[in-house]
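A.B. asks: Attaching a predicted model along with its sequence, questions to come.
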Amino acid sequence: MSASKMERVTSAIGHYRARRLTYRPILCVIEFIVGAVVLRVFVSSAAAEFMAMLIFINALAALGLNVIFGMAQLISIAQAAVMAVSAYTMGILIADHHVYLPLAAVAGVAAATIVSAFAGLVAERIRSHYYILVTLSIAGAIQLFLINGQEITGGANGMQVPIQLALFGQDLTTNDALVIVGLAMVLVGWYCAASIGSSRTGRAITLAGANEHLALSCGVSPRRMWLVASIIGGAFAGVAGVLFTMVVQYLGPSDFELDQALLLLLIVVVGGMGSPTGVVVAAAVVTYLSNGFLQLTSVGPLVYGAGIVLLLIVMPTGLAGLLRLIARRTTTTWSRLRPT
Amino acid sequence: MANAGSASTVALQADNVVVSFGGVVALKGVTLGVNTGEIVGLAGSNGSGKTTLLNAISGFVATDAGRMHAFGEEITSWSAARRASRGVGRSFQNPIVIPGFGVMQLLQSGLYASDRRTALRLALRPLWANKAEREATRACEDALRLVGLPLSTLNSDLSNLAHGQLKMVDLARALIAQPRLVLMDEPTSGLNDHEISVLAKLVKELRRDGWGVLLVEHNVQFLLGVVDRVIVFDGGAVLAEGQPASTLNKPEVVTAYMGRSTVASRHEAPGSHGGDEPNRSESWRVEL
């Protein structure tokens, strides 16, 4: 009796999972429309628009870090530096060589991916815990180059990047337009991240992060998966760097320091380690909290820190755990209501 | 390499496998074969090299010498991952528990080698993704049914399962990839009688379907009732090989299994430790 009830619940969850995959693109479009309307109606001041774009930038970078840290369980503190590689590559190509923006953006993403892949290649040769040291040294090296490579990067003063982009006669560089572009980029990023998450590669990365022996016995090479995770994470950071350049139009080394990398790690933890949806929501929450509190008062950091600790005590599995719980409750209730 | 050519082909052929850890030689040149549709049991006291052989075959432990072939292909130089994806599956003696990992997630990971759900396909073909997801769910349900677990287990977290259930889930994880050769490390340890009978039935089904099964086992009843051929290890080498009943009753096997001194000290009246009483097998299994 109780067993057959459980069977019904099981199959309901199976159907639910399958249907969610089919509806993902539709969901994406709906989210875009709703998001665009919300941004147009409620986000009108320049400060609010900037906050929204900051959230989008962090969300994209955190979606990539989610693959490295949330799924492959490798702690990377180079994610902000990888973002810088992309942003500076794009900025230098545009400012100094007058390259067409989309081409410069592609070059930026490629450069970021290569740098992150290098971290993955090193990780392939060492044990996973040393990844944090590898990424720390990569971040340090990039930071040093940004500050001391005066002629190329503009040094500590940074560099101005003139952005020009139009689509169908519509100027895309105004704040109003950029917010919509950012929203679209985050949603496409979320869709890609979600697809990767439920693909064989995504499952393999998660398995490699969870247990090497289990991965091997499933035919998964953990070391190769660490490399793949680094490449995917680097590509996302690259896209985040592109959006950063387009939004801020000024590149300085201080925007890509360690605290930015730690903020991204925090977003992944709050998001629930491995869930793209959780990470995007967490990016909004954590970015808003960190900026709102840090800039307003001198006790801001204290409130922010205490708030994050409280959040993690109340939701140890992050926002994704909460979402999963709600989903499970709804499906169970639904299958109980369904006639046999 | 081996070209039997008859109805039963060679699933696994290991020749002169040597494994050493530092100065300790764990396997001293072991040669054995497993045919398709055959269940081979490895017996022997703890530390005799049974699990090391399993690890060597699945690629978890590097061999110092010797060659291994699976289904006619030389696998000696293959990585563990490659062996697993090419039909050499294995289960673990102590199932690996990952906190936060669900049974469904674990079983889906087991599908890796044959999984066609690439990120690109999932992203660009949502309708196909739906179908593929359903198929994967069904494969997981079938695997659970195979090992006799209720389908509700699919929603459980690994950390919420009992030891016996975990072992069965681990076995399902190994079987869902449809390996043609399965290595099982002490599959009955920690299982209750019902689970052991399910396992016995399952292993016989695998044999009927033409899979090769190599299992390390201490449970003599299980060896006698299920296994086609038993290979007894002692000190990293093969001591005896043959039909389970006759092999396990050989005097040298019984001595190696129980150890001369231990038997005398543990049993009050060690009158018959010559080993001509197969009925006592249950009682000395407990001692091991």
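C.D. replies: Nice, I can see it.
A.B. asks: And the helices in the stretch 51-200 of chain A?
C.D. replies: For the stretch 51-200 of chain A, helices defined by DSSP state H, counting those that start in this stretch occupy the ranges A:79-97, A:101-125, A:131-148, A:150-153, A:175-197, A:200-210.
A.B. asks: Sorry, slip of the keys, the one I care about is the stretch 151-288 of chain B.
C.D. replies: Using DSSP H, counting those that start in this stretch, helices in the stretch 151-288 of chain B cover B:163-175, B:193-208, B:220-226, B:244-248, B:251-258, B:260-266, B:281-287.
A.B. asks: Spit out the contact partners of residue B:29.
C.D. replies: B:16, B:17, B:18, B:65, B:66, B:237 (CB atoms under 8 Å, 6 or more residues apart in numbering or on different chains). Placement of C-beta: from N, CA and C, glycine included.
A.B. asks: So residue A:202 is in contact with residue A:71, correct?
C.D. replies: Yes. The criterion here is CB atoms under 8 Å, and residue A:202 meets it with residue A:71 at 6.7 Å.
A.B. asks: Would you mind telling me which of these two has the busier surroundings?
C.D. replies: residue A:71 (30 against 26; other CB atoms under 10 Å in any protein chain shown).
A.B. asks: pretty sure the more buried one is in contact with residue A:197, am I right?
C.D. replies: Yes. Counting by CB under 8 Å, residue A:197 is a contact partner of residue A:71 at 7.4 Å.
A.B. asks: list residues touching both of those two?
C.D. replies: With CB under 8 Å, 6+ apart as the test, residue A:71 and residue A:197 both reach residue A:274.
A.B. asks: Output the residue of the stretch 151-300 of chain A whose distance to chain B is smallest.
C.D. replies: The stretch 151-300 of chain A approaches chain B most closely through residue A:219 (3.1 Å), counting by CB to the nearest CB.
A.B. asks: So that residue sits against residue B:87, correct?
C.D. replies: No. Judged on CB under 8 Å, residue A:219 makes no contact with residue B:87 at a distance of 9.6 Å.
A.B. asks: Give me the more crowded residue out of the two.
C.D. replies: residue A:219 (27 against 21).
A.B. asks: Contact partners for that one?
C.D. replies: Residue A:219 sits in contact with B:81, B:82, B:84, B:85, B:86, B:112, B:113, B:177, where contact means CB under 8 Å, 6+ apart.
A.B. asks: Report the secondary structure element holding residue 34.
C.D. replies: Let's take chain A. For residue A:34, the host element (DSSP states H and E) is helix A:2-42.
A.B. asks: Chain B was what I was after
C.D. replies: strand B:24-35.
A.B. asks: strands paired with that strand, and their directions?
C.D. replies: Note on strand B:24-35: by DSSP bridges, its sheet partners are strand B:10-21 (antiparallel).
A.B. asks: With just CA atoms, put the strand it pairs with into PDB.
C.D. replies: What follows is strand B:10-21, C-alpha atoms only, in PDB (Å, rounded to 0.1, in the frame of the first residue of the first chain):
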ATOM      1  CA  VAL B  10      37.000 -15.900 -23.000                       C
ATOM      2  CA  ALA B  11      35.700 -12.900 -21.100                       C
ATOM      3  CA  LEU B  12      38.900 -12.300 -19.100                       C
ATOM      4  CA  GLN B  13      42.300 -13.800 -19.300                       C
ATOM      5  CA  ALA B  14      45.000 -12.700 -16.900                       C
ATOM      6  CA  ASP B  15      48.500 -14.100 -17.400                       C
ATOM      7  CA  ASN B  16      51.200 -14.100 -14.800                       C
ATOM      8  CA  VAL B  17      50.000 -10.900 -13.000                       C
ATOM      9  CA  VAL B  18      52.400  -9.500 -10.500                       C
ATOM     10  CA  VAL B  19      51.500  -6.600  -8.100                       C
ATOM     11  CA  SER B  20      53.700  -5.300  -5.400                       C
ATOM     12  CA  PHE B  21      53.300  -2.500  -2.900                       C
END
